[in-house]
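*Asks:* Sequence plus predicted model, see below.
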Amino acid sequence: MLFFLKKYTKFFLWGIFSPILIYVFTQKKTKIIVWRVDRFGHLALNTHLFLIRQKLSLNKEGADRYMFLAPRKNISNAFLFNMFVEYIRSNKFDSVLTSNFLYYLAQVFKTDLEKTKILYQMEYKSREKEFSLGVKTVDFGMNHKEKAESILLKMNIHPNDKVVSVYARDSSFLTSVNGEEDWGYHDYRDSDIGNYLKAIKHLIKLGYKVVRIGSQYSKSLNYESENYIEYNLSGFKSDFMDVYLASRSEFIVGSRSGATDVSLIFGTPLLVVNSTTFMESPLGKKDLFIQKKIQKKNEVLNFKDIIDKEEYYLFSGLELKNKFNMEYIENTENEILHAVIEMNNKLNGEEYDTDQKKLLNRYFNEFCNRNKWSNRNAPISIGWLQENYSSYL
């Protein structure tokens, strides 16, 4: 009886929903975007990439306009969401509709919508080159900047201070979202904030104010300095400041996640440490990265021996371990420190010498061209590449 009710309830709802969608599509030549807003990284990257393509007239979907369908709740960052809404609505060809009920129906009938070609699937892939073009979409107004700087002043960060944000991903955020779900397949992306300490001290010595971003549920570094601020564990944390700090930083150091992905919107350089999975890389024009190594039975594997094998292109650490007995190894304190030194030097104008340029060209031509997923627009750390030469070439 319950199955009968569920089945015919779905038919009834589709009977109401489909004529509306078909009318919208045929009369207005509109495609619907079921806007994913529940995760910070998806909200930031998916939307930003779509808006870049709209700005450059790269969306070739046969639609005159797009309607963004979003829920009113479970929005990962309300401030960024509202920035995007304002930007989208300023474009007379696109619109935003927020409705929990319609959003729910769109999720229920996702397969049916895809068949009608009314739905536009907004997502990003790391091989997309548009991110590195530096195209601007949303930005802060003067009022927002003044408000943010007044908050930073209370954090002992003055207008002329140079800021570097650091981020160590852990499982605390996802556990806080839903403690009943097993998020273990994401654990391979985690890292220990303690391994950032040498780099933090070095940045402070160079004159930076170092701000820790990320989850308010993370453990403290337990390091005291007037130039190190655990913003994520402070009363200053908010959706607004999460976004503003990404734009205010000279660069960001951390693993790939929503907290760092937002850097792309503002062109803030990102140094990715503990980069996973092995076939991905950062997306920004000025980004740099080092990777977690992979071991099997306590033996470190060479990336050149697995880059051709698509069966290893997995986005679940548990699956990689269970299927192939392979695990990621976290970057050490010294590896992170050396990458930070290189990133700072690079942003201050230091150029690679002839031998280093040749090595990078070999890396791109002999290793990256074998990658079946990503073009790796961002260069790998040259110091990391020299140290781990035999793993790639």
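*Replies:* Everything's here; your move. Numbering: from 1, shown residues only.
*Asks:* hey, let's count contacts and neighbours off CA atoms from now on
*Replies:* OK.
*Asks:* now the strands for the chain?
*Replies:* Counting by DSSP state E, the chain has strands at residues 30-34, 65-70, 94-98, 163-167, 209-212, 228-229, 251-254, 270-275, 288-291, 293-296, 299-300, 326-329.
*Asks:* any chance of those in a markdown table, plus mean neighbour count, mean pLDDT and distance to Y392?
*Replies:* Below are the strands of the chain laid out as a markdown table (neighbours: other CA atoms under 10 Å; pLDDT from 0 to 100; distance: least, CA to CA, whole Å):
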| stretch | mean neighbour count | mean pLDDT | distance to Y392 |
| --- | --- | --- | --- |
| strand 30-34 | 22 | 85 | 40 |
| strand 65-70 | 20 | 89 | 43 |
| strand 94-98 | 17 | 88 | 45 |
| strand 163-167 | 25 | 97 | 27 |
| strand 209-212 | 24 | 98 | 32 |
| strand 228-229 | 22 | 98 | 36 |
| strand 251-254 | 27 | 97 | 23 |
| strand 270-275 | 28 | 93 | 15 |
| strand 288-291 | 25 | 94 | 12 |
| strand 293-296 | 17 | 92 | 11 |
| strand 299-300 | 12 | 94 | 13 |
| strand 326-329 | 20 | 90 | 16 |
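*Asks:* Between those strands, which one is closest to T137.
*Replies:* strand 94-98 (14.4 Å; CA to CA).
*Asks:* returning to what we had before: as CSV, the strands of the chain with distance to G317 would be great.
*Replies:* Formatted as CSV, the strands of the chain follow (distance: least, CA to CA, whole Å):
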stretch, distance to G317
strand 30-34, 28
strand 65-70, 31
strand 94-98, 35
strand 163-167, 20
strand 209-212, 25
strand 228-229, 31
strand 251-254, 19
strand 270-275, 13
strand 288-291, 15
strand 293-296, 11
strand 299-300, 16
strand 326-329, 7
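*Asks:* shaky segments in the stretch 251-393 of the chain?
*Replies:* Applying pLDDT under 70 to the stretch 251-393 of the chain flags the ranges 375-377.
*Asks:* Any stretches of the stretch 101-250 of the chain with poor pLDDT?
*Replies:* Within the stretch 101-250 of the chain, the segments meeting pLDDT under 70 span 124-128, 171-189.
*Asks:* What are the boundaries of the helices in it?
*Replies:* According to DSSP state H, counting those that start in this stretch, the stretch 101-250 of the chain carries its helices in the segments 110-116, 142-154, 172-177, 197-205, 239-248.
*Asks:* for these, which one sits closest to Y313?
*Replies:* That would be helix 172-177 among the helices of the stretch 101-250 of the chain, by CA to CA, at 23.1 Å.
*Asks:* Now the spatially most central residue of the chain: closest residue in space, sequence neighbours ignored.
*Replies:* By CA atoms, centre = their mean, the chain has its centre lying nearest to D261, at 2.9 Å. Once flanking residues are discounted, D261 sits nearest to G41: 5.8 Å by CA to CA, 6 or more residues apart in numbering.
*Asks:* now N100
*Replies:* Nearest to N100 is P71, by CA to CA, 6+ apart, at 4.5 Å.
*Asks:* In this structure the one you found contacts T98, no?
*Replies:* Yes: if you go by CA atoms under 8 Å, P71 and T98 touch, sitting 5.3 Å apart.
*Asks:* before we move on, the earlier item: tell me which of the helices of the stretch 101-250 of the chain sits most buried.
*Replies:* helix 239-248 (a mean of 21; mean count of other CA atoms under 10 Å).
*Asks:* Not counting it itself, show me its contacts.
*Replies:* Contact with helix 239-248 is made by 77-80, 148, 163, 165, 213, 252, 259-260, 262-263, 266-268, as judged by CA atoms under 8 Å, 6 or more residues apart in numbering.
*Asks:* For S381, find the nearest of the strands of the chain.
*Replies:* The nearest among these, by CA to CA, is strand 288-291 at 5.7 Å.
*Asks:* Now for the spatially closest residue to R362 that is not a sequence neighbour, how many residues are close by?
*Replies:* Closest residue in space to R362, ignoring its immediate chain neighbours: L393 at 7.8 Å, by CA to CA, 6+ apart. Neighbourhood size, L393 [other CA atoms under 10 Å]: 15.
*Asks:* Outline the domain layout of this structure.
*Replies:* Listed by automatic domain parsing, the domain ranges of the chain are 9-124, 156-392.
*Asks:* which stretch among those comes nearest L133?
*Replies:* Of these, nearest to L133 by CA to CA is domain 156-392, at 7.0 Å.
*Asks:* Quickly list what Y66 is bridged to.
*Replies:* Beta-bridge pairing for Y66 (DSSP bridges): K31, D94.
*Asks:* residue contacts, it?
*Replies:* T30, K31, I32, I33, F93, D94, S95.
*Asks:* tell me which of the residues you listed is nearest to L51?
*Replies:* Nearest member of the contacts of Y66 to L51, counting by CA to CA, is D94, at 10.5 Å.
*Asks:* got JSON lines for the helices of the stretch 101-250 of the chain, with distance to I336 too?
*Replies:* Below are those laid out as JSON lines (distance: least, CA to CA, whole Å):
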{"stretch": "helix 110-116", "distance to I336": "43"}
{"stretch": "helix 142-154", "distance to I336": "26"}
{"stretch": "helix 172-177", "distance to I336": "22"}
{"stretch": "helix 197-205", "distance to I336": "7"}
{"stretch": "helix 239-248", "distance to I336": "20"}
